[in-house]
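> next come a sequence and a model predicted from it.
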Amino acid sequence: MTDVRRAMMVGRTTDGRLVERPLSPHLQIYKPQMSSALSIFHRMSGVALSVGALLLVCWLVAAATGDGAYDGLSGFLRSWLGVLLLFGWTVALWYHFCTGIRHLAWDAGYGFDLPTMHLTGKIVLGATAVLTVLTWILVVIVW
Amino acid sequence: MSQTAKKTGPHINVMRSQLGRVRGLGAARAGTGHWWAERLTSLALVPLTLWFVLAALHLSRLPRAAVAHWAGNPINAALLVALVLITFRHLQLGLQVVIEDYIHNERQRMAAVLLLRAVAGLSALIGVLAALKLAVAA
């Protein structure tokens, strides 16, 4: 079985030959822009956070199981690999959080013009950095 | 054109069958339900995420017994269950779109979407049951 969407991707050249048209945006010839970069990072952070959601379940199960399981998980999260994973998920979480709010504003009809879009893109990147640093300052204070 | 519209009274000039309009169905054989659910869950996750990050920071230095006591508070338990359910609904909706964009073989695509549903659904159930066990045990 092939994808029915392929049927719409067939075009004709000027000499009449049938050819398969490239998908758009064709990444090899597409100039990277802030709009497309922030968009793909939104998706990538979402995928990363989906894996992170499994940690939330592991944490709840460990807490419901007993001291041994909970201390084991806590120990792993305090190892260098655990801290690296948590830091990555913190960046992904705040990024997805900020760009998600930006998406909701777009859905409500605000901020579609290019100057505003570029401005909110920079704000999103700045806010992600600030929130990540703030979170880890709190982590260091608490630990 | 506006004169004819006045003469004929209210009418719908979209190139779409009325049955299709009523059902809200398009070429995707589904309505706007997926899109709408993704937005609603994201809206709910804004306050839930802020709450959970602050809670996680607070809980990170505590032993299991204290965490269990915290999770035994009905408000915390309810928010935890809501967080798990809405997070997994949101990620299932989001990952389904990723799968549909990148897997072009229909069989493989449907298998991946069904597998995603199974994994997301079971993970959410496990998370909810663990949260409920903590809520009842405390």
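Arrived safely, thanks for sending. Because the structure is a prediction, the values reported are computed rather than measured.
> and residue A:83, how far is that from residue B:71?
24 Å (C-beta to C-beta, to the nearest Å). Using the backbone N, CA and C atoms, a C-beta is placed for each residue, glycine as well.
> show the contacting residues for residue B:77.
B:71, B:131, B:132, B:134, B:135 (C-beta atoms under 8 Å, 6 or more residues apart in numbering or on different chains).
> what about residue A:83 and residue B:71, which has more around it?
The neighbour count for residue A:83 versus residue B:71, taken as other C-beta atoms under 10 Å in any protein chain shown, is higher for residue B:71 (23 against 14).
> what about the host helix or strand of the more buried one, near chain A?
Using DSSP states H and E, the element containing residue B:71 is helix B:64-72. Yes - between helix B:64-72 and chain A, judged by C-beta under 8 Å from any C-beta of the partner chain, the touching residues are B:64, B:65, B:67, B:68, B:71.
> can I get the residues you listed in a markdown table including pLDDT and distance to residue B:85?
Shown next, in a markdown table, are the residues of helix B:64-72 next to chain A (pLDDT from 0 to 100; distance: C-beta to C-beta, whole Å):
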| residue | pLDDT | distance to residue B:85 |
| --- | --- | --- |
| B:64 | 95 | 24 |
| B:65 | 94 | 26 |
| B:67 | 96 | 20 |
| B:68 | 95 | 21 |
| B:71 | 96 | 16 |
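> go ahead and flag the most central residue of chain A.
The centroid of chain A falls nearest to residue A:45 when counting by C-alpha atoms, centre = their mean (1.8 Å).
> would you map the helices across the chain?
Let's take chain A. A:34-65, A:67-78, A:80-107, A:114-142 (DSSP state H).
> actually, chain B is the one I wanted.
B:2-8, B:18-23, B:33-59, B:64-72, B:74-102, B:106-137.
> in the last one, what counts as buried?
The reference is to helix B:106-137. Buried residues in helix B:106-137, counting neighbours by 16 or more other C-beta atoms under 10 Å in any protein chain shown, are found at B:109, B:112-113, B:116, B:120, B:123-124, B:126-135.
> near chain A, from those?
Within the buried residues of helix B:106-137, those near chain A by C-beta under 8 Å from any C-beta are B:109, B:123, B:124, B:126, B:127, B:129, B:130, B:131, B:133, B:134.
> on that earlier part again, dump the helices of chain A to TSV, plus mean pLDDT and distance to residue A:14.
What follows is the helices of chain A, written out as TSV (pLDDT from 0 to 100; distance: least, C-beta to C-beta, whole Å):
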stretch	mean pLDDT	distance to residue A:14
helix A:34-65	95	30
helix A:67-78	95	61
helix A:80-107	97	38
helix A:114-142	95	34
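> residue B:36: which of the ones you listed is closest?
For the helices of chain A, proximity to residue B:36 was assessed by C-beta to C-beta; helix A:80-107 is nearest, at 9.9 Å.
> is the closest one anywhere near chain B?
Yes - applying C-beta under 8 Å from any C-beta, one finds helix A:80-107 in contact with chain B at A:93, A:97, A:100, A:101, A:103, A:104, A:107.
> hmm, stretch A:41-58 in reach of chain B?
Yes - interface with chain B: stretch A:41-58 contributes A:43, A:46, A:47, A:49, A:50, A:53, A:54, A:56, A:57 (C-beta under 8 Å from any C-beta).
> kindly apply the preceding question to stretch A:130-142 instead.
Yes - using C-beta under 8 Å from any C-beta, stretch A:130-142 reaches chain B at A:135, A:138, A:139, A:142.
> now for those residues: which two are most distant?
A:135 and A:142 (10.4 Å).
> joint contacts of those two?
Joint contacts of residue A:135 and residue A:142 (C-beta under 8 Å, 6+ apart) are residue B:57.
> more neighbours, the two?
Taking neighbours as other C-beta under 10 Å, residue A:135 and residue A:142 compare with residue A:135 leading, 20 against 13.
> would you confirm that residue B:61 contacts residue A:140?
No - assessed by C-beta atoms under 8 Å, residue B:61 is found out of contact with residue A:140, at 11.4 Å.
> more neighbours: which of the two?
residue B:61 (11 against 8).
> any idea how far that one is from residue B:67?
10 Å.
> same check on residue A:37?
From residue A:37 to residue B:67 the distance is 39 Å (C-beta to C-beta).
> what does residue A:28 give?
From residue A:28 to residue B:67 the distance is 50 Å (C-beta to C-beta).
> of those two, who's got more company?
residue B:67 (22 against 6).
> find the nearest non-adjacent residue to residue A:94, please.
residue A:131 (4.1 Å; C-beta to C-beta, 6 or more residues apart in numbering or on different chains).
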